[in-house]
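>>> quick one, what's the 3D model for this:
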Amino acid sequence: MSARPAARTKLSDPGPIAAYKTVLRDCIDRRPAGMRARIAVALGKHKSFVSQLTNPIYPMPVPARHLSTIFEICHFSAEERKSFLKAYTAAHPARAANPDSDDQGLHPRRKVLSLEMPVLRDQRKQRALENLVRQFVERIAELVE
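I've put the predicted structure just below:
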């Protein structure tokens, strides 16, 4: 008997949310290190939030508004995206009822843009600066639409 526990626990009946989270986790695990941190930055969330999104054990669903950002950052292949969306649609059939909806991640509503910013000594000020830039961009986008 091995002294090391299994790297991943298999659930007997993972459920529909766990099914697409498993696809998401496996795709991210094949990417370079730091992918969860990059997703967290792009979503404006903490890394622990992304860990919960990608862990099939947690029943928290992946919000549809985050799908296009996740697809873009992780560079999902067409097959990975198809597999994920099939499982996602099975878990959330109401989303499939409106195929023209931008919420499904099929038509990105956001684009990730990397921006070089100064690193401040005070973390509170750093977060405030980053939030200010994020809000500024969102306001500009509202004016342009």
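>>> going by C-alpha atoms from here, please, whenever you check contacts or count neighbours.
Fine.
>>> mind listing the helices for this structure?
Assignment of helices within the chain using DSSP state H yields the ranges 15-29, 35-43, 47-54, 67-74, 78-91, 93-96, 123-144.
>>> lowest average confidence across helices and strands of the chain, where is it?
helix 93-96 (a mean of 72; mean pLDDT, DSSP states H and E).
>>> can you pull the contacts of Gln126?
Gln126 sits next to 119-120 when contact means CA atoms under 8 Å, 6 or more residues apart in numbering.
>>> quick one: the least confident helix or strand of the chain to chain centroid distance?
Distance, stretch centre to chain centre, for helix 93-96: 19 Å (CA atoms, centre = their mean, to the nearest Å).
>>> show me what that helix is packed up against.
Counting contacts by 3 or more CA pairs under 8 Å, 6 or more residues apart in numbering; DSSP states H and E, helix 93-96 packs against no other helix or strand.
>>> and that helix, C-alpha only, in CSV?
C-alpha atoms of helix 93-96 as CSV (Å, rounded to 0.1, in the frame of the first residue of the first chain):
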residue,chain,number,x,y,z
PRO,A,93,-29.6,24.1,-19.1
ALA,A,94,-31.2,27.5,-18.7
ARG,A,95,-28.1,29.0,-20.2
ALA,A,96,-28.5,26.8,-23.3
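>>> any idea how far the residue nearest the centre of the chain is from Leu24?
When the chain is reduced to its mean C-alpha position, the closest residue under CA atoms, centre = their mean turns out to be Ile70, at 4.1 Å. Distance of Ile70 to Leu24, computed by CA to CA, to the nearest Å: 9 Å.
>>> where does this structure dip in pLDDT?
1-14, 96-112 (pLDDT under 70).
>>> rerun at 80
Counting by pLDDT under 80, the chain has low-confidence residues at 1-14, 94-114, 142, 145.
>>> ok so, going back, doesn't Ile39 make contact with the residue nearest to the centre of the chain?
Yes. The criterion here is CA atoms under 8 Å, and Ile70 meets it with Ile39 at 6.5 Å.
>>> what about stretch 69-84, how long is it end to end?
End residues of stretch 69-84 are separated by 14 Å (CA to CA).
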